[in-house]
Every structure is written in C-alpha cells, then in structure tokens.
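In: build me a structure from this.
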Amino acid sequence: MSELKIYISQEKIAKRVAEIGEQISKDFAGESVVLLGVLKGAAIFLSDLSRHISLDASFDFISVSSYGNSKQNSGEVRMLKDVDQSMEGKNIILVEDILDTGLTLTFLSKVLKAHKPKAFKIAALLDKKARRLENIHADYVGFEIPDEFVVGYGMDYAERYRNLPDICIVP
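Out: As a prediction, this is how the structure comes out:
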C-alpha cells in the first residue's frame, strides 16, 4: 500500500462528516429519515454519518453495478439489490461515496423518486465534477475532488483498500 498517497486524512473526513450530520439534523428537525446507502462503497460513510444525525434514523441499502473491476465506468448501471422497505412518504437521504459521472445517481434518483418519498436528498462524500456526464448534484457534499482515482474509507479498486481510514490517490 506504499504506492498510495493520502489525499484526505481521516481527521478531515471525520470533521466534515460531523458537519454534514449536523446539517441533515437541522434540515429535517423533528422528522425521521431513511439513510439509504449505496453498497458497498458508502457503508463506512453511512455508518459514521448516522452517528452525527440527532434524528430518528433508519437504514436501508441498495446495490448497483457500474464499474466491475476496472477504473473506467462502463456507462451501464444495473440494479443488484433494491430497497427492503417501502419508501413512500419517507424522507430519503441517498448516501453515496462518490458522485462521479452522475450515471449511477441519475439512475437511482429516477428509481427512488418513483417510490414517492416525502423528500429525496443526496449525500455524497466526494464530488468529482470534472467527470460529470449527467446534470445531477448532491445536496450534501463532503469534498470536491479533482479527476483522480481514489480509494479508502469504503472506496475500492477491485475490492481492495476499502478499509483504509484515509482517502488515498491511486497512481
């Protein structure tokens, strides 16, 4: 792992995740939320974020495939696992590790809005605007990053590096 360069330290991540949790708590004060994590990459972000949300919060997970084992997005998004509960009338916060081309989140937004939620928001730890192909934005963003391939804090390269506490650049 010595070839990886730390890009965002675990301390900076922790501080920003806490700020996002506080903002969500303010935005949905007095209401409950469903944190809907996009597997597998957003699991750590969702876990840490949830501990900074002072509301009644439940979890659900959704899984899609768009990368496979390469660094290049295939452009095709496939649903692998849908939600386990009805989303109708609920405040949904879709929690994603990285907003990149926007293909995955545009696909998921359409699918989830069809469930008729009360509110639908997107929380993305990372926003890589340089690669955006779809006109979509996150309501809560941890960090804007340049067009670099990153791993750690849940994000992987061929299922490796998810457990790193920092976000690192793959050369």
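
In: who's in contact with the lowest-mean-pLDDT helix or strand in the chain?
Out: Ranked by mean pLDDT, DSSP states H and E, the weakest helix or strand in the chain is strand 78-81, scoring a mean of 87. Applying Cβ atoms under 8 Å, 6 or more residues apart in numbering, the set of residues contacting strand 78-81 from outside is 39, 61, 62, 63, 64, 65, 66, 111. (C-beta placed from N, C-alpha, C; glycine too.)

In: now this structure, which segments are flagged as low pLDDT?
Out: Along the chain, the parts satisfying pLDDT under 70 run over 1-2, 67-75.

In: one more pass at 50, please.
Out: By pLDDT under 50, the low-scoring segments of the chain are 68.

In: may I see the buried residues of stretch 84-100?
Out: Neighbour-count burial for stretch 84-100 flags 87, 90, 91, 92, 93, 94, 95, 96, 97, 98, 99, 100 (criterion: 16 or more other Cβ atoms under 10 Å).

In: and the two most separated of those?
Out: Pairwise distances across those (Cβ to Cβ) peak at 26.5 Å, for the pair 90 and 100.

In: now do the strands in the protein.
Out: 5-8, 32-39, 56-65, 78-81, 91-99, 119-127, 140-144, 150-151, 167-169 (DSSP state E).
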